[in-house]
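In: Predicted model, plus sequence, below.
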Amino acid sequence: MFVETPITVRYGETDMMGVVYHANYLLYFEDARIDFLNHLNFCYSERIEGAGFMSPIHEVQIKYHAPLRYGERGFVRTSLVKNQPMRTIYHQEVYREGMTPGIDSPLVDAYITVCVVERETFKLVNAKKTFPDLYNAYASALESSESV
């Protein structure tokens, strides 16, 4: 499963060169992961935070190939790479509007690993046991992106 989340680069997201400041891609990725969950009919704020949990980032790997600039439109293409009980790995790519994934190379390419923790203690939890419906939805999403 692939979900494409639109981006419009705002002036405040750019640096002195007029390109997206590198750390702002993390904000785009976060919005895109929430959008991915929404496509699975799983509302993060209600289902995870509402149940007393959080899903922090565990690891980030980003390669910057070319920038987006102020005023440009683009999109983040999100899919799953790995679905494990203790960690989920997303593959997130940024494209300029009009670019075609699979034909055009992404401007930014990232692998984001997240986990689920108890809000109060920050203790790592097994997502397969705590959120079996989400774990199964991830498994289905992973299968559908592998078959492409």
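Out: Structure's in. What do you need? Residues are numbered from 1 along each chain as shown.
In: List the residues that contact S140.
Out: Neighbouring residues of S140 by CB atoms under 8 Å, 6 or more residues apart in numbering: M1. Just so you know, the C-beta spots here come from the backbone N, C-alpha and C atoms, and that holds for glycine as well.
In: repeat that for 10 Å
Out: S140 makes contact with 1, 40, 80, 83 under the criterion CB atoms under 10 Å, 6 or more residues apart in numbering.
In: Please point out which parts of the strand or helix carrying it sit buried.
Out: For S140, the element it lies in under DSSP states H and E is helix 132-146. Across helix 132-146, burial judged by 16 or more other CB atoms under 10 Å covers 134-135, 137-138, 141-142, 145.
In: secondary structure class for the residue nearest the centre of the chain?
Out: Closest residue to the average C-alpha location of the chain: R33 at 3.4 Å, with CA atoms, centre = their mean. Using DSSP: H, G, I helix; E, B strand; the rest coil, the structure places R33 in helix.
In: Could you identify the longest strand within this structure?
Out: Ranked by residue count under DSSP state E, the longest strand found in the chain is strand 73-83.
In: average pLDDT for that one?
Out: When pLDDT is averaged over strand 73-83, the result is 96.
In: how about the strands of the protein, start to end?
Out: 3-8, 53-54, 57-64, 73-83, 88-96, 108-114, 117-118.
In: Low-confidence ranges, this protein, go.
Out: When residues are selected by pLDDT under 70, those of the chain lie in 146-148.
In: tell me the residue furthest from the middle of this protein?
Out: Note on the chain: the largest C-alpha distance from the chain mean falls to M16, namely 26.5 Å (CA atoms, centre = their mean).
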